[in-house]
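S.K.: Sequence plus the predicted model coming up.
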Amino acid sequence: MTELVSNGGRFAAITQRPPRPEAVVAAHTRRRYARERRFKLIGMGAVIVAIGLLAILLATVLSNGAGAFQQNYAVLDVRFDPAEIDPSGNRDPEALADADYQAVLNDALVAAFPDMDDRQGRRAMRAMLSNSSALQLRQMVLDDPSLIGSTVPVRFLLDDERDQYLKGEVDPSLAEANRRLKDRDIALVDRLAEQGRIETGFNWTLFTNADSREPEQAGLRAALVGSFWMMLICFLLSVPVGVAAAVYLEEFAPKNRWIDLIEVNVNNLAAVPSIVFGLLGLAIFLNLFGVPRSASLAGGLTLALMTLPVIIVVTRAALRSIPPSIRAAALGVGASPLQVVFHHVLPLALPGILTGTIIGMARALGETAPLLMIGMIAFIANVPSGPLDPATALPVQVFLWSDSPERAFTERMAAAIIVLLGFLIAMNVIAVLLRKKFERTW
Amino acid sequence: MATAIKVNDLPKTEVPAAQRPAPKMSARKVNLWYGQKQALFDVDIDVAKNSVVALIGPSGCGKSTFLRCLNRMNDTIDGCRIEGDIRLDGRDIYDRSVDVVQLRQQVGMVFQKPNPFPKSIYENVAYGPRIHGLATNKAEFDEIVETSLKGAGLWNEVADRLSQPGNSLSGGQQQRLCIARAIAVAPEVILMDEPCSALDPIATAKIEELIDELRQHFTICIVTHNMQQAARVSQKTAFFHLGKLIEFGDTDEIFTNPKQQMTQDYITGRFG
């Protein structure tokens, strides 16, 4: 107390300051409020711009790709003529496989349009259907030889240009020379529609077929299966290794210069361009270990390399966010360092680790560049049956289709993007749900 | 709750060294460095069985550091180096043959901030016995949980909600849960690092009563900033200043008739 009194002069400069005029204070306050309002407006503007751009992206992709989920089919009454398919009449499978189904198909087309029974007309009619139609009939007969002799309505894939025309993507008012679909073809499709022989259905082909030169037969199956294997291999490899590395670095490693060096390098690895990882995969997995080119295994290994540093960084951050008091509590009752990690720290860090892992995996799912380096850009017309078969990935399929000139491929590319985005959104939703489920407070 | 300074239970007259019971824990010439900085200088303290020793002193004086030497919690700090001799029942706890996990079962700890595991009340108490294999079946665990919670004076409040998370309790209850967790592994010594600093006076009073009861069965070493608390709960008090043990003696002696001027200044509030 005595000190305060004796040093009272210390506060004179503060207490004896003249009060500021009210107008000055009010103006100051006004300026402060204005600044706050401005900042809020700028922030809201930024959010609106971001949402707007996202909406434009989604709207473009959806409007372009929605059509690809629908496919128009031509329904023709096909007579499985025994004379054409099985002249010997003994249902020999080899003979059935070798029969001339194109002739059967031609007959069905001529039956629908009797007036087109000339060379040119037949060609136009054949072009109307996908070129797999004769094979489709062959498969039907091989599956069920009792069809021979009967007449049944069969759904054929409509050729992609005609399909696009029915979806309104081809403008008939354009000069004939400027479009691939000629007047004659358009007239034919119109007649087919008039006869009620056009059916519209969900485009299952998109999910059951691998890639094809014919857009109407092209599907995502090879890419879906390839991406699935790659994700599985990437997950199985990068998560255990990444989490173990992070736990060691964070909880057990001595703090010295070597560990610091490793830490810096791991953090830098997370920022290395993905194409570099592709080159690494090419050099190590393909050239050194002889993993087959274009195989999901090579892709999965390469993506694992790329995801590993991300998982390590995320896991370390999650571990670091666990309060030291939990570690102290566990050590205090006599838990060993390993028990502290596995009984307490890891379970508590799990939501963070899972979220980071899923986001890392989502990034790997959308990765294209490193896959190009290991040959996954190949045209894959067969659905891979295992991780060693040549495969492709969803984003690579998008890239491939975006390169194709046919209008139907553009549509399918957008559809592939929708499927890819669907998976990414699903993965993110899973991340959020897992986070919610495992989240604990302390 | 005792409001006046409690009269010491221990005999005041000096007993010849040979007749005195061996201390539960003893520290001799303990020096400790955090990196280059020395935090403890030649600390000598004996903790008698079934007694409470209070460690007092201004912030940063090394009392918590010393406490953490007694169950080797400082081992987890990088760059921490300890010299000297700390014995539990005559055995050097820093000897290579001593397993630190076993040591921490014998020397339990309660921390400044209540830190229950984010698990159920039951699991909080059962965790220690589980990792040390003290019980094998549900009935044995139930028994340990019940006796520990009763020992910590918490049983009546939580008996009907053992499956609720430990963090759902109030601060004082959480701290008693931490005490229950510590005694569940049947330690011989319990270290308490300012166990009441985050609690209100009523919760503090409960913990202080509890400490007095626990003393019948355990040996307790408590760090506190609260001089009255030290006077109320302890039999011996050690006054630390800047890493040095300034004075160590019977609590009523320290608080009524300190030998060192510095101790006198501190307990009368002239510095600290």
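M.R.: Ah, there it is.

S.K.: which parts of the stretch 201-350 of chain A sit against chain B?
M.R.: Taking Cβ under 8 Å from any Cβ of the partner chain as the measure of proximity, the stretch 201-350 of chain A contacts chain B at A:254-255, A:323, A:325-336, A:339, A:343-344, A:348. The way it works is simple: take the backbone N, C-alpha and C, and place the C-beta from them, glycine included.

S.K.: change it to 6 Å
M.R.: Proximity of the stretch 201-350 of chain A to chain B (Cβ under 6 Å from any Cβ of the partner chain) is limited to residues A:255, A:325, A:328-329, A:332-336, A:339.

S.K.: secondary structure element for the spatially most central residue of chain B?
M.R.: The centroid of chain B falls nearest to B:L191 when counting by Cα atoms, centre = their mean (2.2 Å). B:L191 is part of strand B:189-193 when elements are defined by DSSP states H and E.

S.K.: still on that earlier bit, next, give me the two most distant ones among the residues of the stretch 201-350 of chain A next to chain B.
M.R.: Maximum pairwise distance among those (Cβ to Cβ): 25.5 Å, between A:K255 and A:V333.

S.K.: who's more crowded, those two?
M.R.: Using other Cβ atoms under 10 Å in any protein chain shown, the more surrounded residue of A:K255 and A:V333 is A:V333, with 27 against 9.

S.K.: List the residues that contact the closest residue to that one other than its chain neighbours.
M.R.: Nearest in space to A:V333, with sequence neighbours left out and distances taken as Cβ to Cβ, 6 or more residues apart in numbering or on different chains, is B:G128 at 3.8 Å. Going by Cβ atoms under 6 Å, 6 or more residues apart in numbering or on different chains, B:G128 touches A:333, B:184-185.

S.K.: any idea how far B:G128 is from B:T224?
M.R.: 24 Å (Cβ to Cβ, to the nearest Å).

S.K.: Kindly report the same for B:S163.
M.R.: Distance from B:S163 to B:T224, by Cβ to Cβ: 34 Å.

S.K.: out of those two, which sits in the more crowded spot?
M.R.: Legend: neighbour count by other Cβ under 10 Å for B:S163 and B:T224, higher for B:T224 (25 against 10).

S.K.: phi, psi of B:T136?
M.R.: Backbone geometry at B:T136, expressed as degrees, to the nearest 10, gives phi -120, psi -30.

S.K.: Could you give the number of residues near it?
M.R.: Neighbour tally, B:T136, other Cβ under 10 Å: 9.

S.K.: per-residue pLDDT, it?
M.R.: If you check B:T136, the pLDDT there is 89.

S.K.: hmm, back to that, from the residues of the stretch 201-350 of chain A next to chain B, which land in helices?
M.R.: A:325, A:328-329, A:332, A:339 (DSSP state H).

S.K.: Strands of the stretch 51-200 of chain B, residue ranges please.
M.R.: Applying DSSP state E, counting those that start in this stretch to the stretch 51-200 of chain B gives strands spanning B:52-56, B:80-88, B:91-92, B:107-110, B:189-193.

S.K.: Nearest to chain A among these would be which one?
M.R.: Closest approach to chain A among the strands of the stretch 51-200 of chain B (Cβ to the nearest Cβ): strand B:107-110, 3.8 Å.

S.K.: The closest one pairs with which strands?
M.R.: strand B:189-193 (parallel) (DSSP bridges).

S.K.: which residues touch the closest residue to chain B within the stretch 151-300 of chain A?
M.R.: Residue nearest to chain B within the stretch 151-300 of chain A: A:K255 (5.1 Å; Cβ to the nearest Cβ). By Cβ under 6 Å, 6+ apart, the residues touching A:K255 are B:D78.

S.K.: hmm, back to that, out of the ones in helices among the residues of the stretch 201-350 of chain A next to chain B, which is nearest to B:K37?
M.R.: Nearest to B:K37 among those, with distances taken as Cβ to Cβ, is A:A328, at 21.6 Å.

S.K.: ok, now how distant is the closest residue to that closest one other than its chain neighbours from B:T204?
M.R.: In space, A:A328 comes closest to B:F111 once its chain neighbours are excluded; the distance is 6.0 Å by Cβ to Cβ, 6+ apart. In this view, B:F111 and B:T204 are 15 Å apart by Cβ to Cβ.

S.K.: cool, and A:I425?
M.R.: 53 Å.

S.K.: Poorly predicted segments of chain A, please.
M.R.: Chain A contains residues with pLDDT under 70 at A:1-8, A:440-442.

S.K.: Check which helices and strands the longest helix seen in it is in contact with.
M.R.: Looking across chain A with DSSP H, the single longest helix is helix A:22-65. Applying 3 or more Cβ pairs under 6 Å, 6 or more residues apart in numbering or on different chains; DSSP states H and E, one finds that helix A:22-65 makes contact with helix A:407-438.

S.K.: which helices and strands does the helix it packs on pack with?
M.R.: Contacts defined by 3+ Cβ pairs under 6 Å, 6+ apart place helix A:407-438 against helix A:22-65, helix A:160-166, helix A:346-365, helix A:394-402.

S.K.: what angle separates it from helix A:394-402?
M.R.: Between helix A:407-438 and helix A:394-402, the angle comes out at 160 degrees (axes from the mean of the first three to the mean of the last three Cα atoms, to 10 degrees).

S.K.: which residues sit against stretch A:357-377?
M.R.: Residues contacting stretch A:357-377 (Cβ under 6 Å, 6+ apart): A:234, A:239, A:274-275, A:277-279, A:281-282, A:286, A:293-294, A:298-299, A:302-303, A:307, A:310-311, A:392-393, A:395-396, A:399, A:424, A:427, A:431.

S.K.: Quick check on those residues: which are buried?
M.R.: By neighbour count, with 16 or more other Cβ atoms under 10 Å in any protein chain shown, these hold A:234, A:239, A:274, A:277-278, A:281-282, A:286, A:294, A:298-299, A:302-303, A:307, A:310-311, A:392-393, A:395-396, A:399, A:424, A:427, A:431 as buried.

S.K.: now, which of those lie within helices?
M.R.: Filtering the buried ones among the contacts of stretch A:357-377 for membership in helices, criterion DSSP H, returns A:234, A:239, A:274, A:277-278, A:281, A:298-299, A:302-303, A:307, A:310-311, A:395-396, A:399, A:424, A:427, A:431.

S.K.: how long is stretch A:113-124 end to end?
M.R.: 11 Å (Cα to Cα, to the nearest Å).

S.K.: So for that stretch, what gets flagged as buried?
M.R.: Of all the residues in stretch A:113-124, those buried under the rule 16+ other Cβ under 10 Å are A:113, A:116, A:121, A:124.
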